[in-house]
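Q: please find the sequence and the predicted model below.
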Amino acid sequence: MSFIKKTYETFRTSPVLRTLVWIVLAIAAMLVAAHYLMQLGTRHGARCAVPDFTGISIGDAEYMAKKNGLEIIVNDSLYVPVYDGGIVLEQNPNADVAVKPGRKIYVTINSFAQKSVKIPYVTGYSLRQAKNNLEIAGLEIAELIYQSDMATNNVLEERFRDQVITRNDNIEAEAGSGITLVVGVSAESGAVSVPKVIGFPLKEAKSRLWEVGLNVGRIVFDEDIEVLDRKNARVYIQSPQQNKVLPLGQRVDLHLTLDPEKVEKQSVASDRAARKLEAERELREAQIADSMMVIEAAHRAEQRLADSLAAVAAGELFVPDGATTVDGAGEGETDFFE
């Protein structure tokens with residue numbers, strides 16, 4: 001008791017000590033208040049499910065987000081002709097994901113019009129360079145048209161909607177438009193082996209075909225694939241198959257799916273068929289090589305015989321006694337072959 005009384009007296013008679021105690025108490029009170037205010041402001045532990053904003057206008061999406069304590073941020077836009085402008089195409093996080101109130105929801109909307117880009121001049125470039133320049137500009141190849149020329153895969157002419165593009169033209173096209181390229185092909189190199197495009201998205205599959213000088217044929221998506229999901233689909237059937245040798249400019253049909261099991265199954269089957277094609281090609285080449293060797297050996301034997309007969313006739317070659325006469329040889333001519 002005396003200790004408490006003594007402490008109280010010290011506190012009462014010491015202004016410095018009283019001040020320090022009041023400061024400590026004030027700091028503690030502020031910390032407690034800040035903690036509770038933070039809890040109140042963030043609603044710690046509170047969660048709400050993100051609504052599905054896809055398919056509605058950006059205005060409706062913003063109104064719905066505000067009602068749910070969320071914020072809409074437009075971070076990208078695409079142009080899909082089948083949808084109206086301003087429609088939300090994608091969102092992140094997705095619908096039904098639990099988030100804290102105040103969370104930002106990033107959306108991709110459909111543009112009201114496709115943007116235009118300048119068509120690059122690619123005449124005189126190699127096919128690979130021309131393709132790359134078009135893709136960088138946001139364009140693609142509509143068709144490859146081959147015609148005889150000294151150099152293979154050299155771009156001879158560039159067309160957009162039947163209009164020939166010249167160096168000084170300043171023509172624009174909607175992004176994603178196709179450009180027709182007239183490409184040269186020499187007599188010695190008019191065929192190409194089909195590359196494997198199974199497992200690739202459509203954009204990359206088309207690029208790989210164009211790069212080797214093949215056109216894209218029919219494009220078929222599985223029936224259950226929505227328009228917005230097509231960019232995630234992958235090729236699972238290509239026809240003709242990989243390793244098949246085709247003339248330059250031929251078309252390859254593509255079938256796409258979202259089912260990874262389909263892709264894997266068809267990829268294995270395609271590799272197996274490609275190995276068989278390669279083995280058959282190697283066998284044919286070996287048989288042709290063997291036939292050529294036999295023909296060349298026969299030609300060499302005939303040439304040696306002809307040279308020897310000519311030498312005998314000219315008296316330049318000694319013929320041993322008893323050698324038989326060559327059939328059809330002139331009188332007095334002999335053959336040194338037994």
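A: Received it, and whenever you're ready, just let me know what you need.

Q: K206 belongs to a helix?
A: Yes: the assignment for K206 by DSSP: H, G, I helix; E, B strand; the rest coil puts it in a helix.

Q: my guess is it meets L144, correct?
A: No: using C-beta atoms under 8 Å, K206 is not in contact with L144, being 11.5 Å away. Every residue, glycine included, has its C-beta placed from N, CA and C.

Q: now do the helices in the stretch 101-250 of the chain.
A: 127-136, 202-212 (DSSP state H, counting those that start in this stretch).

Q: between those, which one is nearest to A28?
A: helix 202-212 (62.0 Å; C-beta to C-beta).

Q: who touches that closest one?
A: 127-128, 131, 135, 140-141, 144, 192-195, 197, 200, 215-216, 219, 230-231, 233, 235, 238, 252, 254, 256 (C-beta atoms under 8 Å, 6 or more residues apart in numbering).

Q: quick check: G178 touching I141?
A: Yes: contact criterion C-beta under 8 Å: G178 and I141 qualify, at 6.2 Å.

Q: these two: which has the busier surroundings?
A: Between G178 and I141, I141 has the larger neighbour count (other C-beta atoms under 10 Å), namely 22 against 15.

Q: what's the closest non-adjacent residue to that one?
A: W210 (4.8 Å; C-beta to C-beta, 6 or more residues apart in numbering).

Q: so the one you found versus R281, what's the distance?
A: Here W210 is placed at a distance of 24 Å from R281 (C-beta to C-beta, to the nearest Å).

Q: average pLDDT for the helix or strand L25 falls within, rounded please.
A: Assessed by DSSP states H and E, L25 sits inside helix 15-42. Across helix 15-42, pLDDT averages out at 71.

Q: can you name the next helix or strand after that helix?
A: Later in the chain than helix 15-42, the nearest helix or strand by DSSP H and E is strand 48-49.

Q: and that next one, what does it pack onto?
A: With contacts taken as 3 or more C-beta pairs under 8 Å, 6 or more residues apart in numbering; DSSP states H and E, strand 48-49 sits against strand 98-99.

Q: which residues are in contact with the strand it packs on?
A: So strand 98-99 is contacted by R47, C48, A49, V50, L70, P93 (C-beta under 8 Å, 6+ apart).
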